[in-house]
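**Student:** generate coordinates for the sequence data below:
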Amino acid sequence: MNFGIILSSLFAAIWLVLLLNATAPMSELLWMNALVQAVLFTSVACIPFLRTGRMSYVDIAWPFGVALIGVQILLFGEADPVRRMIAGGIYLFIGLRMGIGALLVGKSTGVIFKTEFPRYQYRRMLLEKHDSSHARLHMLLEIIAQGMANASVLALPGFIIAVYGTGPVTGIEIAGLIIWAVAYLLETIADAQKMLFLSKNQEGVCNIGLWRYSRHPNYFSEWMVWTGLVVGASSSWWQAASQESLPVWILSGVGALLASVMLYITLVYLTGVKPAEYYSARKRAGYTDYQKSTNRFFPWFPNKDPVGSPEALRR
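**Tutor:** Numbers count the residues shown, from 1 in each chain. Next comes the predicted model:
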């Protein structure tokens with residue numbers, strides 16, 4: 001399945017309908033952001049990929065594209081200043097944290113600039129298995145799809161807040177901010193716990209702290225970061241009903257919700273969980289037992305007698 005074509009077409013359709021039918025400044029923000037993301041992804045991800053064959057450059061383009069969404073929210077939004085500062089600040093924080101982190105990893109290890117991230121090696125392997133003669137084209141289309149996501153659905157929660165958010169702060173906005181903050185804290189804790197574990201046991205299976213309850217608490221927390229944004233934007237989206245036509249209002253809400261859906265699909269099925277588990281199961285003794293005892297994505301209590309364990313077989 002060519003996810004690049006499917007996702008790019010979906011994101012482009014949402015962007016185009018809103019661009020042509022939404023009132024200003026939403027349409028203006030969508031147009032400006034599309035130009036910004038097109039320049040960024042072309043220069044930072046697409047051209048380097050065509051020259052080197054490495055998809056990893058998208059790990060620079062994508063987060064800095066998110067940060068630039070935050071800049072546009074701060075400079076060109078028309079909501080009250082507090083909402084703009086919070087929404088724009090969140091996008092800046094997410095983007096700069098991940099973008100600077102990618103640059104530091106690239107500088108220290110050579111990945112991105114000299115070698116490919118394993119997750120993109122895995123993606124190439126699957127695409128070549130599916131269609132070896134067009135794998136390179138599929139990879140380019142998936143890079144473009146991430147750029148289109150930045151231009152449309154990933155920007156919509158912030159743009160909705162920046163354009164329509166007025167009046168007293170609501171409980172649901174506070175709830176969204178709390179979800180975002182807690183999710184970011186959990187992601188930071190999960191990363192720190194794994195680094196601590198690997199510093200003492202490079203070959204082992206990290207099952208301490210949050211990793212006891214989910215095999216990928218970092219990815220789950222990243223998804224919740226964006227879900228918190230969507231929740232926080234829902235109050236402003238409700239206010240948009242009085243300013244936009246019914247089709248535009250519905251589509252903008254669906255588009256914002258797709259920010260959470262897209263991150264879930266990407267993190268679980270494309271470049272997150274699947275490649276991580278593919279390599280872990282081959283490199284780390286005991287990982288298959290860990291898979292049987294611990295939930296893949298959503299945290300839950302570990303199964304003490306996983307299916308296939310000696311305890312379960314004796315029953």
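
**Student:** going forward, measure contacts between C-alpha atoms and count neighbours the same way
**Tutor:** Noted.

**Student:** residues of stretch 113-129 that come out buried?
**Tutor:** Residues of stretch 113-129 classed as buried under the neighbour-count rule (16 or more other Cα atoms under 10 Å) are 115-124, 127-128.

**Student:** nearest to Leu198 among these?
**Tutor:** Using Cα to Cα, Pro118 comes nearest to Leu198 of those, at 17.6 Å.

**Student:** low-confidence ranges, the stretch 201-315 of the chain, go.
**Tutor:** Of all residues in the stretch 201-315 of the chain, those with pLDDT under 70 make up the ranges 305-315.

**Student:** what is the neighbour count of Ala281?
**Tutor:** Residues contacting Ala281 under the criterion other Cα atoms under 10 Å number 16.

**Student:** once you drop chain neighbours, what's closest to it?
**Tutor:** In space, and not counting its chain neighbours, Ala281 is closest to Tyr287: 5.4 Å by Cα to Cα, 6 or more residues apart in numbering.

**Student:** residues near the one you found, how many?
**Tutor:** Neighbours of Tyr287 under the rule other Cα under 10 Å: 19.

**Student:** quick one: contacts for it?
**Tutor:** Tyr287 sits next to 205, 280-281 when contact means Cα atoms under 8 Å, 6 or more residues apart in numbering.

**Student:** tell me which stretches of the stretch 51-200 of the chain form helices.
**Tutor:** 58-76, 81-109, 118-131, 135-151, 156-164, 171-200 (DSSP state H, counting those that start in this stretch).

**Student:** how near is the residue nearest to the spatial centre of the chain to Leu154?
**Tutor:** In the chain, the residue lying closest to the centroid (Cα atoms, centre = their mean) is Leu263, at 4.3 Å. Plainly put, Leu263 is 9 Å away from Leu154 if you go by Cα to Cα, to the nearest Å.

**Student:** next: Ala34.
**Tutor:** From Ala34 to Leu154 the distance is 12 Å (Cα to Cα).

**Student:** ditto for Ser108
**Tutor:** Following Cα to Cα, the distance that separates Ser108 from Leu154 is 29 Å.

**Student:** look at these two and report which has more neighbours.
**Tutor:** A side-by-side neighbour count of Ser108 and Leu154, using other Cα under 10 Å, places Leu154 first with 28 against 9.

**Student:** now do the contacts for the more buried one.
**Tutor:** If a contact means Cα under 8 Å, 6+ apart, then Leu154 has 66, 256, 258-259 as its contacts.
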